[in-house]
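Enquirer: The sequence isn't on hand, but the structure is:
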């Protein structure tokens with residue numbers, strides 16, 4: 001069994017179409033996590049399906065083309081990304 005490396009920061013993907021929310025979430029998380037940012041669902045999926053996908057995806061996304069629920073459904077359908085936890089934040 002491989003021991004986890006607790007010295008390495010987990011990667012977290014923040015998805016939102018409001019720049020101020022992305023800035024806020026990045027400032028809140030960057031000390032404890034490696035933060036990746038996406039301002040739309042398509043970009044979030046590209047990041048999540050990349051070589052080093054995030055361990056968590058706090059998604060609050062309401063783009064007309066793809067909402068946060070669709071992003072989540074696509075992540076859960078793909079075996080490569082199905083284990084990424086997703087957190088939805090309420091709209092302010």
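Expert: Received, thanks. Everything numeric here is computed off the predicted structure, so don't read it as measured data.

Enquirer: count of residues packed around the spatially closest residue to residue 70 that is not a sequence neighbour?
Expert: Spatial nearest neighbour of residue 70, excluding adjacent residues (Cβ to Cβ, 6 or more residues apart in numbering): residue 41 at 6.4 Å. For glycine as for every other residue, the C-beta is placed from the backbone atoms N, C-alpha and C. Burial of residue 41 is recorded as 23 neighbouring residues (other Cβ atoms under 10 Å).

Enquirer: Ok, residue 72 next?
Expert: 19.

Enquirer: before we move on, the earlier item: just checking, the residue nearest to residue 70 touches residue 15?
Expert: Yes: using Cβ atoms under 8 Å, residue 41 makes contact with residue 15 at a distance of 7.0 Å.

Enquirer: By mean pLDDT, flag the weakest helix or strand of the chain.
Expert: Lowest on mean pLDDT, DSSP states H and E among the helices and strands of the chain sits strand 57-58, with a mean of 58.

Enquirer: next structured bit after it?
Expert: Using DSSP states H and E, the next helix or strand after strand 57-58 towards the C-terminus is helix 68-77.

Enquirer: average pLDDT across that following helix?
Expert: For helix 68-77, mean pLDDT rounds to 86.

Enquirer: Packing partners of the helix or strand just after that helix?
Expert: Note on helix 68-77: by DSSP H and E, the next helix or strand toward the C-terminus is strand 86-87. Here strand 86-87 touches strand 57-58, helix 68-77, going by 3 or more Cβ pairs under 8 Å, 6 or more residues apart in numbering; DSSP states H and E.
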